[in-house]
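J.: Got a predicted structure plus its sequence, pasted below:
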Amino acid sequence: MTKRIALGVFEMMNPSNGMPTWTDDRGRGDEWDDLEYWVALARELDAAGFDFLFFADTYGYATLEGRMPEEVAAHGIQFPALDPMLAIAALARETERLGFVVTSPTTVERPYATARRFATLDRLTNGRIGWNIVTGSSQATTDELFGVTEQLTHDERYDAADEFLDTCLRYWEHSWDDGAELRDRARGVYADPARLHRVEVDGRFQRSRGIFAVPPTPQRTPVLFQAGTSDRGRAYAARNAEAVFIQGQSIASAAAHVSDIREQAVINGRLPDDISVVTGMTVTVAPTSEEAWMLREQYERLLSLDDAAVMFAGITGLDLTGLDPATRVVDLKTDLGQTLVQRYARQNPDMRVGEILDQFRTKAIRGFQVTGSPVEVADEIERIVDGSGIDGIMLEPTFGGVGAYRAFIELVLPILVQRGRAAAPVAPTLRERFTGAPRLAATHRVHGLSAGAITPSPIGENA
Ligand SMILES: Cc1cc2nc3c(=O)[nH]c(=O)nc-3n(C[C@H](O)[C@H](O)[C@H](O)COP(=O)(O)O)c2cc1C
């Protein structure tokens, strides 16, 4: 059967997303902080039948040896930036079906506040919200901004993230029974107190007690995305996530990732298809192949080697320019984000630092690069999807403005629709587009939590 491809767009609320495109006429340098820009984008994606708009986000920014390098501010390298979560209600109001996935870290946030914010958005949008769970990039600056003094190791941050999610899940799924919200005006009973349950978490990293203030939403829990593909990150995803965001580099490596995640899901008592894998993809399309390649060359010239090094350092904590270019990738060690380092090590363990910078300069953090005429692009997308088993793609902007998506919508989407690969979503909730049901699957570990089977945070006295 032809597989429908879930369609999303990968954005950040900054002047240029992943490449410094804000100086280009086709970019959004003058509009990125204007709500109307984002409303217009959301409307366009909604009308075209996209499943969701995804916002990456971080509190931090790139640093080298504890200081913001001049390039960050001067060249606008993922800086400055706004908090995308605060725009979602406005974007949702202007759209009918489009889902919204927002990145929020488990390190400096508190579980109760996170649970409440996402439930509020899910309620206001009738179930169109997803949470991209990350332990966070730019961790060093983020810790400094929040005054965090206790540094956790890379793997401990994921342990803490497990407990963080546990706490949120208990509030979303177990604090209110179905039907507890009565809104019975005749009897004057808003909610049935006997059907509300006190959550009690007394864990290693989190403590939280009480009854959730937000009544259940159509999804209860927002769709759980995860990004971070280190070994520990994958284990986290296999246990918790419903969708995993990767930046696929080749069909073979994406296929290996997909089967690894599915195998690990089964080990966790889940079904292989309980987790959808979605890849980032930059599509450069034009009426002819030649025009498309010309566009690609233009934007690949935008990122200088120095800017690339700064961006790389912001994510990994590693200053590649300070290392011998002959250093092997397998000898790089970091306690910050390991996804990028492992990406190159998996590609070729013998790869040298000089080569990494060269590759990173043109690709930055982006996923598959697909370039060509409309038919060439559609063919390549089908090859990637069928060859790797991924479930969806997230388009990355080329020059940063709406134009990049418009070219895809006008030139490629009709071909994918005609081939049965794309179809506008019908289901009202975001989760239904991935799993067919509005609520978390019966195989998800959340159902074990209510029975108190998972320690160290049993549900409270009323459970
Ligand atoms: C495709 C992808 C997108 C990501 N987007 C974000 C993001 O928007 N914000 C963030 O803080 N971290 C993001 N990260 C993940 C974090 O960087 C991750 O939690 C951190 O790097 C530590 O985990 P790791 O070692 O598994 O990479 C992303 C990771 C990947 C692979």
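T.: In hand now; what should we look at?
J.: alpha carbons only for contacts and neighbour counts from here, please
T.: OK.
J.: what secondary structure does the residue most central in space within the chain sit in?
T.: The centroid of the chain falls nearest to residue 132 when counting by Cα atoms, centre = their mean (4.3 Å). In the three-state summary, residue 132 is assigned as strand, counting by DSSP: H, G, I helix; E, B strand; the rest coil.
J.: from what I can see it touches residue 226, true?
T.: Yes. With contacts counted by Cα atoms under 8 Å, residue 132 reaches residue 226, the gap being 5.1 Å.
J.: Below-threshold pLDDT in this protein: ranges please.
T.: 1, 450-463 (pLDDT under 70).
J.: and it, what are its domains?
T.: The chain breaks down into these domains under automatic domain parsing: 6-287+367-449, 304-363.
J.: could these go into a markdown table alongside distance to residue 297?
T.: Output for these, formatted as a markdown table (distance: least, Cα to Cα, whole Å):
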| stretch | distance to residue 297 |
| --- | --- |
| domain 6-287+367-449 | 10 |
| domain 304-363 | 9 |
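J.: Please tabulate those in TSV, including the columns distance to the ligand.
T.: Shown next, in TSV, are the domains of the chain (distance: least, Cα to the nearest ligand atom, whole Å):
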stretch	distance to the ligand
domain 6-287+367-449	3
domain 304-363	3
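J.: quick one: which of those is nearest residue 295?
T.: Of all those, it is domain 6-287+367-449 that lies closest to residue 295, at 7.1 Å by Cα to Cα.
J.: For that closest one, measure first residue to last.
T.: Criterion Cα to Cα, to the nearest Å; first-to-last residue distance in domain 6-287+367-449 is 30 Å.
J.: What helices and strands are in contact with the host helix or strand of residue 306?
T.: Per DSSP states H and E: residue 306 is located in helix 305-316. On a contact count with 3 or more Cα pairs under 8 Å, 6 or more residues apart in numbering; DSSP states H and E, helix 305-316 meets helix 70-74, helix 353-363.
J.: what's the angle from the longest one to helix 305-316?
T.: Read it as helix 353-363. Angle, helix 353-363 to helix 305-316, by axes from the mean of the first three to the mean of the last three Cα atoms, to 10 degrees: 100 degrees.
J.: Please name every helix or strand in contact with the helix or strand following helix 353-363.
T.: Using DSSP H and E, the helix or strand that follows helix 353-363 in sequence is strand 368-372. Under the contact definition 3+ Cα pairs under 8 Å, 6+ apart, strand 368-372 sits against strand 276-285, helix 289-300, helix 374-388.
J.: most tightly surrounded among the ones you listed?
T.: Among these, ranked by average contacts under mean count of other Cα atoms under 10 Å, first place goes to strand 276-285 (a mean of 26).
J.: That one - contacts with which helices or strands?
T.: The helices and strands touching strand 276-285, judged by 3+ Cα pairs under 8 Å, 6+ apart, are strand 243-246, helix 289-300, strand 368-372, helix 374-388, strand 392-395, helix 403-407.
J.: could you redo the last one with a cut-off of 7 Å?
T.: Judged by 3 or more Cα pairs under 7 Å, 6 or more residues apart in numbering; DSSP states H and E, strand 276-285 is in contact with strand 243-246, helix 289-300, strand 368-372, strand 392-395.
J.: Put the alpha carbons of the very next helix or strand once past the helix holding residue 306 into CSV.
T.: Next helix or strand after helix 305-316 toward the C-terminus (DSSP H and E): helix 339-347. Below are the C-alpha coordinates for helix 339-347, written out as CSV (Å, rounded to 0.1, in the frame of the first residue of the first chain):
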residue,chain,number,x,y,z
THR,A,339,23.6,13.9,18.3
LEU,A,340,25.8,15.8,15.9
VAL,A,341,29.1,14.1,16.9
GLN,A,342,27.5,10.7,16.7
ARG,A,343,26.0,11.6,13.3
TYR,A,344,29.5,12.0,11.8
ALA,A,345,31.0,9.1,13.7
ARG,A,346,28.3,6.8,12.4
GLN,A,347,28.9,8.1,8.9
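J.: Please compute how far helix 339-347 lies from its chain's middle.
T.: On the basis of Cα atoms, centre = their mean, to the nearest Å, helix 339-347 sits 19 Å off its chain's mean C-alpha point.
J.: same question, stretch 418-437
T.: That offset, for stretch 418-437, works out to 19 Å (Cα atoms, centre = their mean).
J.: and what of stretch 351-367?
T.: 21 Å.
J.: Next: stretch 251-261.
T.: For stretch 251-261, the distance to the chain centre is 18 Å (Cα atoms, centre = their mean).
J.: Can we start the residue count at 878 from this point?
T.: Noted, 878 is the first residue going forward, which turns the last one into stretch 1128-1138.
J.: what does that stretch rub up against?
T.: Applying Cα atoms under 7 Å, 6 or more residues apart in numbering, the contact partners of stretch 1128-1138 are 1111, 1115, 1125, 1154, 1261, 1264-1267.
J.: ok so, going back, now the helices and strands packed on helix 1182-1193 in a markdown table, please, with extra columns for mean neighbour count.
T.: Formatted as a markdown table, the helices and strands packed on helix 1182-1193 follow (neighbours: other Cα atoms under 10 Å):
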| stretch | mean neighbour count |
| --- | --- |
| helix 947-951 | 14 |
| helix 1230-1240 | 18 |
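J.: Now tabulate these in a markdown table and tack on distance to residue 1064.
T.: Below are these laid out as a markdown table (distance: least, Cα to Cα, whole Å):
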| stretch | distance to residue 1064 |
| --- | --- |
| helix 947-951 | 60 |
| helix 1230-1240 | 62 |
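J.: Tell me, how many residues neighbour residue 1021?
T.: 12 (other Cα atoms under 10 Å).
J.: Now it: which helix or strand?
T.: helix 1016-1023.
J.: Quick one: list the elements packing against that helix.
T.: Against helix 1016-1023 (3+ Cα pairs under 7 Å, 6+ apart) you get no helix or strand.
J.: my guess is residue 1067 meets residue 1061, correct?
T.: Yes. Using Cα atoms under 7 Å, residue 1067 is in contact with residue 1061, at 5.8 Å.
J.: Pull the most distant pair out of the contacts of stretch 1128-1138.
T.: 1115 and 1261 (22.2 Å).
J.: Stretch 1294-1302 spans what distance, first to last residue?
T.: 12 Å.
J.: which parts of it are buried?
T.: 1298-1302 (16 or more other Cα atoms under 10 Å).
J.: Keep only those of these that are in helices.
T.: Among the buried residues of stretch 1294-1302, no member falls in helices (DSSP state H).
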